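**Student:** Okay, sequence plus prediction incoming.
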Amino acid sequence: MPSQPPPPDPRADLGRRGEALACDHLAGTGLTVLARNWRCRAGEIDVVAAGPGLLVFCEVKTRRGSAYGTPAAAVTPRKQARLRALAAAWLAATEHPPSRVRFDVVTITWPRGAAPVLEHLEGAF
């Protein structure tokens with residue numbers, strides 16, 4: 001009997017749609033998206049973007065609402081430390097000219113049947 005593909009994961013789909021919206025927003029601010037969902041042993045960076053003399057490592061959090069806290073509250077000090085370590089790994093693994101580094105958070109609240117609300121926290125940590 002052939003195996004069935006796993007059922008679609010609505011949370012993963014929401015996350016992908018949120019990341020696409022975040023990338024469009026970052027591009028609209030003049031940044032160029034260099035990587036999306038970059039992975040290494042230590043974890044994953046949602047978005048790496050660049051502008052003149054600037055590298056942005058961006059965490060994207062998308063939620064349907066705030067019943068479990070705001071999307072920004074999910075970027076805990078532990079998550080921030082992990083993103084810093086991942087940024088160092090990305091810099092070591094890629095050849096990129098010296099740049100100023102910034103850590104941003106893009107939060108998206110996307111209630112069912114309503115338009116998404118995006119907030120871009122530049123230099124969030």
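**Tutor:** In hand now; what should we look at?
**Student:** What lies in contact with the helix ranked longest in the chain?
**Tutor:** In the chain, with assignment by DSSP state H, the single longest helix is helix 10-28. Residues outside helix 10-28 that contact it (CB atoms under 8 Å, 6 or more residues apart in numbering) are 33, 36-37, 46-47, 49, 56, 58, 60-62, 64, 106, 108, 110, 116, 118, 120. (Each C-beta comes from the backbone N, C-alpha and C, glycine too.)
**Student:** Helix or strand with the lowest mean pLDDT in the protein?
**Tutor:** helix 10-28 (a mean of 93; mean pLDDT, DSSP states H and E).
**Student:** Check whether residue 31 really touches residue 49, as I assumed.
**Tutor:** Yes: in terms of CB atoms under 8 Å, residue 31 counts as a neighbour of residue 49; the distance is 4.0 Å.
**Student:** Common neighbours of these two, please.
**Tutor:** Common neighbours of residue 31 and residue 49 (CB under 8 Å, 6+ apart) are residue 56.
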